[in-house]
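S.K.: the sequence and its predicted three-dimensional model are supplied below.
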Amino acid sequence: MKKFIIASLVGAIIIFVWSALSWMFLPVHTHSMRYTPKQDTILNVLNSSSLETGVYEIPGVDNRNIGMWKDGNYMNKKNEGKPFAMIIYGKGGKVMNPCQMITGLVIDLLAVMAAVILLAMSKDKLKTFFMRWWAVMLIGFIVALNSYLLEWNWMQFPWHFIKGEVVDTFMEWGLCGVWLAWYFRKV
């Protein structure tokens, strides 16, 4: 149990630190979020629109009183070739608080715990450092494929945003994989 806890905690810290470095100090996300000199005008329009906190697709289907998505094909044809936007709107301002840091670390810890469980379950098959590292890297591939690349495909998130997320995923799981592959060398 002690080995499981140490492996998970150190792995979570590795992922958390990489993510912090990537967003705050390294050039991975320099252009992930675009700037517009019209930001004050846009925010004033959004604030005066009585929007609730949420994610908005514009143009979109009025889904306020329906239980299932309807008229998607109609909207696609009606808006073909027109500009579109997805807005993540919040009323509280974007200030990092300690709870976000703690929540991020807990999420990383849960993810690494899952990787540690998979390594422990397959210890008889993963006899070399490379095999253990590769098993952890596969988690990064799954995360990237089933989250960020799906957002790029289905939601049309721009590549300038997605590429940093994919780089982060491969780097954090690669670095965590080095730690776990080394740590589980004698398990």
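M.R.: Now that the structure is in, tell me what you want to look at. Numbering: from 1, shown residues only.
S.K.: hmm, which helix or strand of this structure has the shakiest average pLDDT?
M.R.: helix 72-78 (a mean of 65; mean pLDDT, DSSP states H and E).
S.K.: following the chain onward from that one, which element is next?
M.R.: Note on helix 72-78: by DSSP states H and E, the next helix or strand toward the C-terminus is strand 85-89.
S.K.: contact partners of the very next helix or strand once past that following strand?
M.R.: Using DSSP H and E, the helix or strand that follows strand 85-89 in sequence is helix 98-121. Residues outside helix 98-121 that contact it (Cβ atoms under 8 Å, 6 or more residues apart in numbering): 4, 7-9, 11-13, 15-16, 19, 126, 132, 135-136, 139, 173, 176, 180, 184, 187. Where you see a C-beta, it was placed from the backbone N, CA and C, and this is true even at glycine.
S.K.: just those residues: which are in helices?
M.R.: Counted as lying in helices by DSSP state H, out of the contacts of helix 98-121, are 4, 7-9, 11-13, 15-16, 19, 132, 135-136, 139, 173, 176, 180.
S.K.: so how do I select the buried members of the residues you listed in PyMOL?
M.R.: Per 16 or more other Cβ atoms under 10 Å, the buried members of these correspond to this PyMOL selection:
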select buried, resi 7+8+11+12+13+15+16+19+132+135+136+139+173+176+180
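S.K.: go through the strand or helix carrying Asp40 and flag the buried ones.
M.R.: In the assignment (DSSP H and E), Asp40 maps to helix 39-47. With burial defined by 16+ other Cβ under 10 Å, not one residue of helix 39-47 is counted as buried.
S.K.: using CSV, list the CA coordinates for it.
M.R.: Output of helix 39-47 as CSV, limited to C-alpha atoms (Å, rounded to 0.1, in the frame of the first residue of the first chain):
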residue,chain,number,x,y,z
GLN,A,39,-12.5,42.3,-25.9
ASP,A,40,-14.1,45.1,-23.8
THR,A,41,-16.8,45.6,-26.4
ILE,A,42,-17.5,41.9,-26.6
LEU,A,43,-17.6,41.5,-22.8
ASN,A,44,-19.9,44.5,-22.5
VAL,A,45,-22.3,43.0,-25.0
LEU,A,46,-22.2,39.6,-23.2
ASN,A,47,-22.7,41.2,-19.8
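S.K.: so the following helix or strand past that helix versus strand 85-89, what angle?
M.R.: Next in sequence after helix 39-47, counting helices and strands by DSSP H and E, comes strand 54-58. Interaxial angle, strand 54-58 versus strand 85-89 (axes from the mean of the first three to the mean of the last three Cα atoms, to 10 degrees): 160 degrees.
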